[in-house]
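**Student:** Return a 3D structure for these sequence lines:
(chains A and B)
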Amino acid sequence: AQSVAQPEDQVNVAEGNPLTVKCTYSVSGNPYLFWYVQYPNRGLQFLLKYITGDNLVKGSYGFEAEFNKSQTSFHLKKPSALVSDSALYFCAVLTNTNAGKSTFGDGTTLTVKP
Amino acid sequence: GAVVSQHPSRVICKSGTSVKIECRSLDFQATTMFWYRQFPKKSLMLMATSNEGSKATYEQGVEKDKFLINHASLTLSTLTVTSAHPEDSSFYICSAPSGRVYNEQFFGPGTRLTVL
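**Tutor:** Residues are numbered from 1 along each chain as shown, chains lettered A, B, ... in the order given. Predicted structure coming up:
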């Protein structure tokens, strides 16, 4: 079965510092991986995805993620965090390519302090 | 990107009543939509897959008669929480695949249900 794990429930960083939100995956076959962000009382917003090609994927709001096949990881990164990046972040793996069904991690709360 | 709307954004109801939540894809057609339930600061729990023109597919442990799903058109899916109870209070979110290969999902803004 396809699954993703986000080992950190909470990540705290200072504004201006680099941030990393971790995600590992377990899939049979090719992994199709996604990151979404959720602000309070809102739906999720798509940030970026890895399908194939370059292991470093760039997405919205200056975020990027690095696909590492040997470590089965897809960590989300940003070189310089902003207070406005504080939100709940979800890693997801596509489990049904035809229907678009995905399995989500448990989420990581990112807090960026001024 | 594509827009998915939900209505209402917030609803408060008495125990025992039924509540209908609408999910609409505003600028694209969605033969499939997903309904999630989210507990405070917790992950998304997929409840069911809504299929246009056919029955919804429910995840294990989700009561079909409790959470009625109807996908009446290519742009509208509804979730009806029947005989709601306080334990049904939650944040309900719908989504629709983008329609592109290796779909990302477009999410609605969510509906906060509070059952008194």
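**Student:** from the middle of its chain, how far away would stretch A:9-24 be?
**Tutor:** Using Cα atoms, centre = their mean, to the nearest Å, the mean C-alpha position of stretch A:9-24 is found 11 Å from that of the whole chain.
**Student:** hmm, who's touching that stretch?
**Tutor:** Stretch A:9-24 is contacted by residues A:4-8, A:33, A:35, A:71-83, A:85, A:89, A:91, A:105-114 when judged by Cβ atoms under 8 Å, 6 or more residues apart in numbering or on different chains. For every residue, glycine as well, the C-beta is placed using N, CA and C.
**Student:** I'd like the average pLDDT over it.
**Tutor:** For stretch A:9-24, mean pLDDT is 98.
**Student:** Endpoint to endpoint, that stretch covers what distance?
**Tutor:** 14 Å (Cα to Cα, to the nearest Å).
**Student:** do stretch B:103-116 as well
**Tutor:** End-to-end distance (Cα to Cα), stretch B:103-116: 38 Å.
**Student:** next one: stretch B:8-17
**Tutor:** Rule used - Cα to Cα; the end-to-end distance of stretch B:8-17 is 16 Å.
**Student:** tell me the pLDDT at residue A:78?
**Tutor:** pLDDT at residue A:78 comes out at 98.
**Student:** again with the one 3 residues further on
**Tutor:** The confidence metric pLDDT takes the value 98 at residue A:81.
**Student:** Pull out the buried members of the contacts of stretch A:9-24.
**Tutor:** A:4, A:6, A:8, A:33, A:35, A:73-76, A:78, A:81, A:85, A:89, A:91, A:105-110, A:112 (16 or more other Cβ atoms under 10 Å in any protein chain shown).
**Student:** just these that are near chain B?
**Tutor:** A:105, A:106, A:107, A:109 (Cβ under 8 Å from any Cβ of the partner chain).
**Student:** that older thread, now, the contacts of stretch A:9-24 that are in strands?
**Tutor:** Within the contacts of stretch A:9-24, residues falling in strands by DSSP state E are A:4-5, A:33, A:35, A:73-78, A:89, A:91, A:108-113.
**Student:** what's the nearest residue to the residue in chain A positioned nearest to chain B if we skip its chain neighbours?
**Tutor:** In chain A, the residue that lies nearest chain B is residue A:100 (2.7 Å; Cβ to the nearest Cβ). Once flanking residues are discounted, residue A:100 sits nearest to residue B:97: 2.7 Å by Cβ to Cβ, 6 or more residues apart in numbering or on different chains.
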